[in-house]
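J.: Show me the folded form of this:
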Amino acid sequence: MSEDIPENEHSEPQDYKVGYGRPPKATQFKPGQSGNPKGRKAKPKSVQEQMRMVLSKKVEISEGGKTKRLTLQEVMLRNIANKAAKGDLRAASFVLGLLNSDAASESDTIDQNKLSNEDLALFEQMMAELSPPFDLPAPNEGIGHPIETLSANLNEQKENSNDA
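T.: Model prediction:
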């Protein structure tokens, strides 16, 4: 008599017992299907990781009439080496110090924490020369400092309350 009853698509085969840790086959994840399709939120990247990403970005430069794609870090190192070749002693010191440092030989990136103060100053100077100039407003222009604005407003309120 059980053979006469058609098996429902949601019913389980007789040899599979549904219970704790054994959900019905119809509701189980299919192969390749995740229980969390959106996945975990991405962890915010550190400033160092962001800088590594920026420095690893490829840019186009023209050299000898040909266009090349190099990483930004390679372009910076070439510029520093060119300054050293032109006689810039600070750049030469930086290049030679970088070549002789153990930290530079272990990694493909420069760890700024291991550079000397002179090298850091040179690096910052060269970065300032490579970056476009920014027009910063004068201190008294544009948006005032919030504390100064607040104290000016409080002084006006006091004067107005004294007059009344």
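
J.: Which residue ranges of this structure form helices?
T.: Taking DSSP state H to define them, one finds helices in the chain at 47-55, 72-85, 89-100, 102-106, 117-130, 146-163.

J.: and those helices, which one's lowest on average pLDDT?
T.: The stretch with the lowest mean pLDDT among the helices of the chain is helix 146-163, at a mean of 57.

J.: May I see the buried residues of stretch 38-57?
T.: Neighbour-count burial for stretch 38-57 flags L55 (criterion: 16 or more other C-beta atoms under 10 Å). The way it works is simple: take the backbone N, C-alpha and C, and place the C-beta from them, glycine included.

J.: er, stretch 55-70 actually
T.: Those would be L55, for stretch 55-70 by 16+ other C-beta under 10 Å.

J.: Ok, stretch 81-97 next?
T.: K83, A84, D88, R90, A91, A92, F94, V95.

J.: which of these lies closest to E74?
T.: Proximity to E74 was ranked across the buried residues of stretch 81-97 by C-beta to C-beta; first place goes to V95, at 13.8 Å.

J.: How about the contacts made by the closest residue to the closest one other than its chain neighbours?
T.: Nearest in space to V95, with sequence neighbours left out and distances taken as C-beta to C-beta, 6 or more residues apart in numbering, is A84 at 4.7 Å. The neighbourhood of A84, defined by C-beta atoms under 8 Å, 6 or more residues apart in numbering, consists of A91, A92, F94, V95.

J.: how much space between the last one and K83?
T.: Here the distance between V95 and K83 works out to 9 Å (C-beta to C-beta, to the nearest Å).

J.: what's the answer for the second one, then?
T.: From A92 over to K83 the distance is 8 Å, taken as C-beta to C-beta.
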